[in-house]
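Student: Starting from these lines, generate the structure:
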Amino acid sequence: MNTLRLVVSDPVPEPDLSAPAIKYEPIGRMLVERGKIADSDLDHALKIQGHIDAPLGEIMVSEGLLAKRDVLGALAAQCHARGADLDLEPPEPKMAACLPAEVCLRHGVVPWKRDGLRILVATSSPADFAALCQTMKRRGLSLFPVIVDELQIQSHLSRLYGAELARKAEVRVPDVESCRTWGTRTQHRTFWASAICGLLILSLLFAPAWTITLGVLWAVLTLAMTTVMKGAAFVAQLTQEPSRPRVNYDLSAAKFRLPRVSILVPLLKEKEIAEQLITRLSKLTYPKSLLNVVLVLEENDAVTRRTITDTDLPDWMSVIEVPSAGELTTKPRALNYALDFCRGSIVGVWDAEDWPEADQIERVVSRFNEAPENVVCLQGVLDYYNSRTNWLSRCFTIEYATWWRMILPGIAKLGLILPLGGTTLFFRRDALEKLGGWDAHNVTEDADLGVRLARHGYVTELLPTVTHEEATSRAWPWVRQRSRWLKGFLITYFVHMRDPAQLLRDVGLKRFLGLQTIFLATFSQFAAAPLLWSFWLTIAGFTHPVEVTLGAQVVWVLAGFFIFSEILSLTMGMVAVSGRAHRHLLAYVPTMMFYFTLGALASYKALWEIVKSPFFWDKTQHGVSRQTDPR
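Tutor: Reported below is the predicted structural model:
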């Protein structure tokens, strides 16, 4: 008996390719012979399968030709197995020792029971079970299949191996590319923060004018960095045509088999979002038999679980609960955990409140099919459906219309590193897994992943497809959200600047300088904003401290540059919202200088959290504004 046991720490065996594959009777013919479907139904399903990468049974269920229980019954007959209900008879915890977690995830199985020397293995696919038998043949295991619904297999895989997989989800990214070591250096950070604050106070007491002058010079230097980058991106966006050819997004006559696409939707404390989410995603036109939407929630999130329990989920949606492990509860940790349960060769991420365009998946699949192999990430465009809620939501929409429609496309055309957004992201799964997924401890895991992609030689492209989501419309939630983003930007900067010389070798000089601007200078602009605002004192006739140290001419030069940068920002905002969809925001563009005053407060909150709680995830509440169809 002991020779059949296999501990989880054992190396995962490679498939035994020399063993002959197990042959099964075609399931379609079996269903016809059983009178479950007509020959015409089978012909219809086979025709669909000719151009999509999905099992025949799933196609027939998605087309309404069969119930899932009929497919499971036919699968059981196909491999001469019986069915089971794991919810009524769950596998005992000790069964986890029979098969490694990696093997179970790879083949979509879970060990269920021991029957003498035999191990009964729950599977929803005889073909995957046959591959499992070839993989484990050298281990001397005697495996027998039991046909079970795939969702039950996922649920009990998580129950048996959840703690192990959750620990791995926290450390998938190598130490050298992760910020997780920050958690052990709180006293170190506190000491240096206290020392810097003490020196700043002393310098203000003994040399206030020079202290302010040095602060202003730093603020102007970082302003120059961001202004040059934004100006160059603006010009590039207005003058340069896209370098890649136009892609045909109509897949009705595609000459390649459409791949399965998995979409991860992380949820946390969502009270009402589930039904709205299903309504929005049901409008997607990609074949549902190829769509695998995974709702990801935390094990201790009773609010979201109750919401989902009360909701009738379609077959193409599933739920993964991330086991609680320590104090870390972050979106990237949840994404890493759920990634192992995805079935698609393309993996995407949407937020809970997202409203993607109906043909978004077709656009993703088409571009990946046409793109070179090193293009492993596609980033869609974000827009906001509640821009008329109040002044704050209007300014939020203006800010991100400028970012998504002017600056970011220009940055891409300039060949700089793209800091990814947290949603409407799509990856080639194999490349994402090679990178280790997301850094579970980084609160801007998206921007960090964008840098890691570039450092490893991969390419990210912007995709012309829009996802609408909710703009933050209240002041304190805005500060909380922005402080998390700014904290993550600064942490990401320090992580990748651990070895500046290596970073320079990885990305080249131009992108190295771009990274300094996008991460360090952007944070500095928020934190040093009050020093830049002080130039308005000069215009109002007051004496500026820089006038005392460097003279009046220097003050006016610096103030003039500050005004120029403000005019450039207003111009970019005007152009960004000049289209029909955003034209109602034009009158609010001049008020953006008041909008950014909140950013200074957010940066100081971010600095405090970097010292005291770098991994704290300040969640943005969804569902505050009423949703309307963005079309």
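
Student: what about the helices in the stretch 351-500 of the chain?
Tutor: For the stretch 351-500 of the chain, applying DSSP state H, counting those that start in this stretch gives helices covering 360-370, 391-402, 408-414, 429-434, 445-455, 475-496, 500-507.

Student: which other residues reach stretch 258-266?
Tutor: Contact with stretch 258-266 is made by 51-54, 251, 277, 286-287, 290-297, 331, 334-335, 338-339, 342-352, 354, 361, 364-365, 426, 429, as judged by CB atoms under 8 Å, 6 or more residues apart in numbering. All C-beta spots, glycine's among them, are computed from the backbone N, C-alpha and C.

Student: Swap in 6 Å and give it another go.
Tutor: Residues outside stretch 258-266 that contact it (CB atoms under 6 Å, 6 or more residues apart in numbering) are 52-53, 290, 292-296, 331, 334-335, 338, 342-350, 361.

Student: for stretch 222-238, same thing?
Tutor: For stretch 222-238, using CB under 6 Å, 6+ apart, the contacting residues are 406-407, 409-411, 413-414, 517, 521, 524-525, 565, 568, 572.

Student: Got a quick PyMOL command for the buried subset of those residues?
Tutor: Buried members of the contacts of stretch 222-238, defined by 16 or more other CB atoms under 10 Å, are picked up in PyMOL with:
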select buried, resi 406+407+409+410+411+413+414+517+521+524+525+565+572
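
Student: Check the contacts of stretch 222-238 and tell me the two furthest apart.
Tutor: Farthest apart among those by CB to CB are K413 and S524. That separation is 24.9 Å.

Student: what bridges to the residue nearest to V349 when sequence neighbours are not counted?
Tutor: Of all residues not flanking V349 in the chain, L425 sits nearest, at 4.7 Å (CB to CB, 6 or more residues apart in numbering). Bridge pairing for L425 (DSSP bridges) gives the partners V349, Q379.

Student: What is the burial count for L425?
Tutor: A total of 23 residues lie near L425 under the criterion other CB atoms under 10 Å.

Student: Tabulate the helices of the stretch 351-500 of the chain in TSV, adding columns for distance to E241.
Tutor: Below are the helices of the stretch 351-500 of the chain laid out as TSV (distance: least, CB to CB, whole Å):
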stretch	distance to E241
helix 360-370	17
helix 391-402	21
helix 408-414	9
helix 429-434	28
helix 445-455	23
helix 475-496	31
helix 500-507	25
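
Student: from these, which stretch is densest packed?
Tutor: Most buried of these by mean neighbour count (mean count of other CB atoms under 10 Å) is helix 445-455; its value is a mean of 24.

Student: So which residues make contact with that one?
Tutor: With CB under 6 Å, 6+ apart as the test, helix 445-455 has contacts from 177, 332, 377, 417-422, 435, 438-439, 442, 460, 492, 496, 506-507.

Student: now do stretch 476-492
Tutor: Outside of stretch 476-492, the residues within contact range by CB under 6 Å, 6+ apart are 179, 442-444, 447-448, 472, 519, 523, 598, 601-603, 605-606, 609-610, 618, 620.

Student: remind me, longest helix of the chain?
Tutor: Ranked by residue count and defined by DSSP state H, the top helix of the chain is helix 208-239.

Student: Direction-wise, compare that one with helix 391-402 and give the angle.
Tutor: Interaxial angle, helix 208-239 versus helix 391-402 (axes from the mean of the first three to the mean of the last three CA atoms, to 10 degrees): 60 degrees.

Student: Next, the buried residues of helix 208-239.
Tutor: By 16+ other CB under 10 Å, the buried positions in helix 208-239 come out as 210-213, 215-217, 219-220, 222-223, 225-227, 229-234, 236-237.

Student: Repeat that for stretch 259-272.
Tutor: For stretch 259-272, the neighbour count (16+ other CB under 10 Å) marks 259-268, 270 as buried.

Student: Mind jotting down where the strands sit in the stretch 251-400 of the chain?
Tutor: Applying DSSP state E, counting those that start in this stretch to the stretch 251-400 of the chain gives strands spanning 261-266, 291-298, 317-322, 346-349, 355-356, 375-384.

Student: Please produce JSON lines containing the ones you listed, extended by mean pLDDT and distance to E89.
Tutor: Formatted as JSON lines, the strands of the stretch 251-400 of the chain follow (pLDDT from 0 to 100; distance: least, CB to CB, whole Å):
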{"stretch": "strand 261-266", "mean pLDDT": "96", "distance to E89": "29"}
{"stretch": "strand 291-298", "mean pLDDT": "93", "distance to E89": "25"}
{"stretch": "strand 317-322", "mean pLDDT": "92", "distance to E89": "20"}
{"stretch": "strand 346-349", "mean pLDDT": "97", "distance to E89": "32"}
{"stretch": "strand 355-356", "mean pLDDT": "94", "distance to E89": "39"}
{"stretch": "strand 375-384", "mean pLDDT": "96", "distance to E89": "42"}
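
Student: between these, which one is nearest to L151?
Tutor: In terms of CB to CB, the element of the strands of the stretch 251-400 of the chain nearest to L151 is strand 317-322, at 5.5 Å.

Student: Can you list the strands that that closest one pairs with?
Tutor: Assessed with DSSP bridges, strand 317-322 is paired to strand 291-298 (parallel).

Student: now the strand it pairs with, how far from the centre of its chain.
Tutor: Mean C-alpha position of strand 291-298 versus that of the full chain (CA atoms, centre = their mean, to the nearest Å) differs by 12 Å.

Student: Run through who's touching it.
Tutor: With contact meaning CB under 6 Å, 6+ apart, strand 291-298 is reached by 262-267, 304, 316-322, 329, 334, 338, 343-344.

Student: Low-confidence ranges, the stretch 51-200 of the chain, go.
Tutor: For the stretch 51-200 of the chain, the stretches with pLDDT under 70 are 138-140, 183-184.
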